[in-house]
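[1] Below are the sequence and a predicted model for it; my questions follow.
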Amino acid sequence: MKVNNVLDEFLNAISVLQQELLSLPQEIGLEYHQKLWEILQTRLPPLHQTYDRYVTSELATRENSISCGKGCSHCCRHYVTSVEPFEILAIHFQIRQRKDYPDLLFSSHARTTRFEQLLNKEGGDVEAEDRALYRYYLRGIPCSFLEKDGTCGIYENRPMSCRMFFSESAPRFCEGNAVTSGWNKNFQIELPDIAEEALARCSEALANLNLPVGLFEGVLEANSLFGQYES
Ligand code: SF4
């Protein structure tokens, strides 16, 4: 599988999604919500598939093997951020159909509040967010969507920022402050600029919703916008 071929397919999937999002009604209401749901149901699965194929093709170019395995969820203690608006909306559509939806909102609110407290303590310099993200991680708070068996409860819709994260070192080096040791070999699969720019244009089509980049606060905001509509 050639990296460039898969990248082209991914770019095409982003472009199709963008075009359809641009055709959404101007006014945010029931019609907007129904159309949005239709678009995300149809267009996100192929986009995720091509993204995953891109990641697989990139991983194939690496010398060392990946140590990540099902149920190892150390990285699911990070505060999830850099999430695209269409990803937040797809996750919101998925979880609102679950019986534990109110619990998930409550849990997302608790995580958002905890992170804001840490961020406020760090002052306002350019590295404040990085320090707050690290301190949040050290607290070992599991993601709201992490299941008891260590699997992701929103696996098919999990954000790209989760899909891009891997390790070449033993799982114990992904736990607590071992992440800063020289033994930790975590890395992220970065997208080329052309793909980042295409994603930014796609997200721009949803700029009117003003969704934040954080997963937990994003889900809360999506609930405020669309929680009253049936899906
Ligand atoms: S969304 Fe899923 S993969 Fe991402 S941190 Fe949460 S449980 Fe882990």
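    Alright, I've got the coordinates.
[2] Next secondary structure after the longest helix along the chain?
    Identified as the longest helix of the chain according to DSSP state H is helix 30-59. Going down the chain from helix 30-59, the next helix or strand is helix 85-95, by DSSP states H and E.
[3] Other residues contacting whatever helix or strand comes next after that following helix?
    Next in sequence after helix 85-95, counting helices and strands by DSSP H and E, comes helix 101-121. Residues outside helix 101-121 that contact it (C-beta atoms under 8 Å, 6 or more residues apart in numbering) are 79, 95, 98, 128-129, 132, 135-136, 139, 141, 143-145, 214-217, 219-220, 223. In short, each C-beta sits where N, CA and C put it, glycine included.
[4] What residues does the spatially most central residue of the chain make contact with?
    For the chain, the residue nearest the mean C-alpha position is Pro159 (2.5 Å; C-alpha atoms, centre = their mean). By C-beta under 8 Å, 6+ apart, the residues touching Pro159 are Val80, Ser82, Val83, Glu84, Glu87, Ile91, Leu215.
[5] Would you mind confirming that the second one is in contact with Gly218?
    It refers to Ser82. No. In this structure, Ser82 is not within contact of Gly218 by C-beta atoms under 8 Å, at 10.8 Å.
[6] Nearest to the ligand among the contacts of Pro159?
    Closest approach to the ligand among the contacts of Pro159 (C-beta to the nearest ligand atom): Val80, at 5.1 Å.
[7] what's the closest non-adjacent residue to that closest one?
    Excluding its sequence neighbours, the residue lying closest to Val80 (C-beta to C-beta, 6 or more residues apart in numbering) is Leu215, at 3.8 Å.
[8] Distance of the one you found relative to Ile28?
    Per C-beta to C-beta, to the nearest Å, Leu215 is found 21 Å from Ile28.
[9] How much space separates the closest residue to Ala170 other than its chain neighbours from Arg53?
    In space, Ala170 comes closest to Ser67 once its chain neighbours are excluded; the distance is 6.0 Å by C-beta to C-beta, 6+ apart. For Ser67, the distance to Arg53 equals 21 Å [C-beta to C-beta].
[10] Arg98 too?
    According to C-beta to C-beta, Arg98 and Arg53 sit 28 Å apart.
[11] Check the burial of the closest residue in space to Gln188 that isn't next to it in sequence by counting its neighbours.
    Setting aside the residues directly before and after it, Gln188 is nearest to Met164 in space (C-beta to C-beta, 6+ apart), at 4.8 Å. Met164 sits with 17 neighbouring residues when counted by other C-beta atoms under 10 Å.
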